[in-house]
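Participant: Could you look at this predicted model? Sequence included:
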Amino acid sequence: MPVMFGYDLENKTATNYTVGDGSGLVVMATLAQGDILSEAFGQSPASSSVSVSGPPFIPPKGVGRITVRVVYDYPSEFTHNDKSNMDKVAKYVGRRLEEISGYALFDKSNDYRIDLPSGWQKIPKYGK
């Protein structure tokens, strides 16, 4: 099941910043228990589960919207009906999101780290 997060990324440099399909970026989760980086995006992420997309580039001093897409496998105990039950799915995803406090993008070609904070703690829990 895909979960997508939108971020407005500001380019504070004097040159174009290439985003493209995100293939040059490495995405890691920042764990909620501290500034600990992890390739796990909460328990049970699918293999090759994270991608970044956005505009081909962000001009100097400009802002572009990027999307971080995380795909989670359904828990093995979920039935076909459970997968259609938005309350069950939302609770499962909510538990995964409690394990992380945001994302960090690493642009290895420019030696940049871009921190993408969570905003989901401020959103009322679905199904409560």
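Facilitator: Nice, thanks for sending it over. All figures in this text were calculated on a predicted structure; none of them were measured in a lab.
Participant: Every contact and neighbour count from this point should use C-alpha atoms.
Facilitator: Will do.
Participant: Quick check: next helix or strand after the helix or strand hosting residue 71?
Facilitator: Using DSSP states H and E, the element containing residue 71 is strand 63-72. For strand 63-72, the following helix or strand on the C-terminal side (DSSP H and E) is helix 80-84.
Participant: list the helices and strands that following helix packs on?
Facilitator: helix 86-97 (3 or more CA pairs under 8 Å, 6 or more residues apart in numbering; DSSP states H and E).
Participant: Give me the residues contacting the following helix or strand past the helix it packs on.
Facilitator: Per DSSP H and E, helix 86-97 leads on to strand 100-107 as the next helix or strand towards the C-terminus. Strand 100-107 has contacts (CA atoms under 8 Å, 6 or more residues apart in numbering) with 24-33, 37, 41-42, 112-118.
Participant: Contact partners for the most centrally placed residue in the chain?
Facilitator: In the chain, the centroid-proximal residue (CA atoms, centre = their mean) is residue 68; its distance is 4.1 Å. Listed by CA under 8 Å, 6+ apart, the contact partners of residue 68 are 4-6, 50-53.
Participant: In strands, which of the residues you listed fall?
Facilitator: Per DSSP state E, strands hold the following members of the contacts of residue 68: 4-6, 50-53.
Participant: from these, which is closest to residue 98?
Facilitator: Nearest to residue 98 out of the ones in strands among the contacts of residue 68 is residue 5 (CA to CA; 14.7 Å).
Participant: So what sits opposite the closest one in the bridge?
Facilitator: Note on residue 5: beta-bridge partners by DSSP bridges are residue 68.
Participant: Tell me, how many residues neighbour it?
Facilitator: 15 (other CA atoms under 10 Å).
Participant: Just name the shakiest helix or strand of the chain by mean pLDDT.
Facilitator: None of the helices or strands of the chain scores lower by mean pLDDT, DSSP states H and E than strand 45-53, at a mean of 70.
Participant: I'd like to know which elements the very next helix or strand once past it is packed against.
Facilitator: In the C-terminal direction, the helix or strand that comes right after strand 45-53 (DSSP H and E) is strand 57-58. If contacts are counted by 3+ CA pairs under 8 Å, 6+ apart, strand 57-58 sits against strand 17-18.
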